[in-house]
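K.L.:
just a sequence and a predicted model for now, questions to come.
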Amino acid sequence: MFFSKSVRLTLTGIFFASFSACLGGTTFVFTRMVVPQTDPATLSFLRYSLIALILFAFSIRQVLKTRLRKQDIIGIAIIGLGMFAIFPFFMAFGLKFTTAARGGLLYATMPLATIIIATLFKIEKLNISKLLAVMLAMIGVALAIGTNIKPETLLLLKGDSLVMVGVFGAAIFTVFSGKYMGRYGNLPVMVYASISGVSATFILSLLIGAPFEGSLSFDGFGWFSIFMLTAPGGALMMYSWGRALMIITPTQAAISLGFNPLIAMLLGALLIGEEITLMFVVGFLMVISAVVLANFSFFNTAAASHEQDKAKSDKA
């Protein structure tokens, strides 16, 4: 079966996005495992400063040759706060109280967050399928995280709320980074965006963390978790996501995020014994269905484009 060039390119983008989502699913589990040994601010600074250094090392020539327009510097710095400060801090903070599976599920709602932000800033138009997708996702999340909530487990909801703040931070980067990546490339934007975010988490770690008072004293497994959060679950994950955003739109890339909670769910149950309830699975399936529904119009357009290309080829 032959696909048109546009469809093949889109599938390549979805592959990178899916690979990134799978790696991202592991980070919720390793964050849950290491955060008791540190604090969220210090962990965020340590992890993302190392990620930034790795990305810079692999793109040093490209980064040094890149000259940002003055008006783009501020924009990249702002979205850098979303991805490299708000997202990691609130994710780590939230995962102190909620489970990896719930965190992964909430992260999978990021495409709906991108739709909301993109609609508010008139970057994308809201249609019926996207509106229904948002409603379906809200119901799915309510079913998944609303089970077994008792007075003594309300900390789960606190963690969920903090994770959602992080999700919106990442969504801001996803919505607004595409134009910069198209102009300067994936890695230079990632590296320059990391400067503002990592600087913010450094200041935050000094104000509310304890980097010089024990928060960097990890045991052997703690350092292994840091490695997993930094290399495969950090630099490689972000590189793959950036590659995806250079090829496809944020909403198209978002369809892959179903792999994130799935990996978090399975790995969380395997490594730290997290419970997977039937209602959680039902809610998970509803959220994934919502993401697919949000992309429904794209698939119709891609299919129509393929049929047109095939008809032209047959005539030739």
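P.N.:
Right, received. Where do you want to start? Since this is a predicted model, take the numbers as computed values, not measurements.

K.L.:
what about Arg8, how many residues close to it?
P.N.:
11 (other Cβ atoms under 10 Å). The way it works is simple: take the backbone N, C-alpha and C, and place the C-beta from them, glycine included.

K.L.:
can you tell me how far it is from Ser240?
P.N.:
18 Å (Cβ to Cβ, to the nearest Å).

K.L.:
and for Ser194?
P.N.:
Distance from Ser194 to Ser240, by Cβ to Cβ: 16 Å.

K.L.:
next one: Ala21
P.N.:
To Ser240, Ala21 is 9 Å away according to Cβ to Cβ.

K.L.:
so the two - more neighbours on which side?
P.N.:
Ala21 (28 against 22).

K.L.:
quick one: pLDDT of the more buried one?
P.N.:
Looking at Ala21, its pLDDT stands at 88.

K.L.:
who's in contact with the closest residue to Ala101 other than its chain neighbours?
P.N.:
Of all residues not flanking Ala101 in the chain, Met265 sits nearest, at 4.2 Å (Cβ to Cβ, 6 or more residues apart in numbering). Residues in contact with Met265 (Cβ atoms under 8 Å, 6 or more residues apart in numbering) are 100-101, 104-105, 274, 276, 280, 284.

K.L.:
list phi and psi for Met265.
P.N.:
phi -60, psi -50 (degrees, to the nearest 10).

K.L.:
same question for Phe58.
P.N.:
Phi and psi for Phe58, reported as degrees, to the nearest 10, are phi -90, psi 0.

K.L.:
for it, which non-adjacent residue is spatially closest?
P.N.:
Nearest non-adjacent residue to Phe58, counting by Cβ to Cβ, 6+ apart: Leu187, 7.0 Å away.

K.L.:
list the buried residues of the strand or helix carrying that neighbour.
P.N.:
Using DSSP states H and E, Leu187 sits within helix 186-208. By neighbour count with 16 or more other Cβ atoms under 10 Å, helix 186-208 contains the buried residues 186-202, 204-205.

K.L.:
please save the CA atoms from the host helix or strand of Pro111 in PDB.
P.N.:
Assigning secondary structure by DSSP H and E places Pro111 in helix 110-120. Only the C-alpha atoms of helix 110-120 are listed here, as PDB (Å, rounded to 0.1, in the frame of the first residue of the first chain):
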ATOM      1  CA  MET A 110      -2.500  17.800  27.200                       C
ATOM      2  CA  PRO A 111      -3.900  17.700  23.700                       C
ATOM      3  CA  LEU A 112      -7.200  19.000  25.100                       C
ATOM      4  CA  ALA A 113      -5.300  21.700  27.000                       C
ATOM      5  CA  THR A 114      -3.500  22.600  23.700                       C
ATOM      6  CA  ILE A 115      -6.900  22.900  22.000                       C
ATOM      7  CA  ILE A 116      -8.200  25.200  24.800                       C
ATOM      8  CA  ILE A 117      -5.000  27.400  24.600                       C
ATOM      9  CA  ALA A 118      -4.800  27.300  20.800                       C
ATOM     10  CA  THR A 119      -8.500  28.300  20.600                       C
ATOM     11  CA  LEU A 120      -8.200  31.100  23.000                       C
END
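
K.L.:
many thanks, we can stop here.
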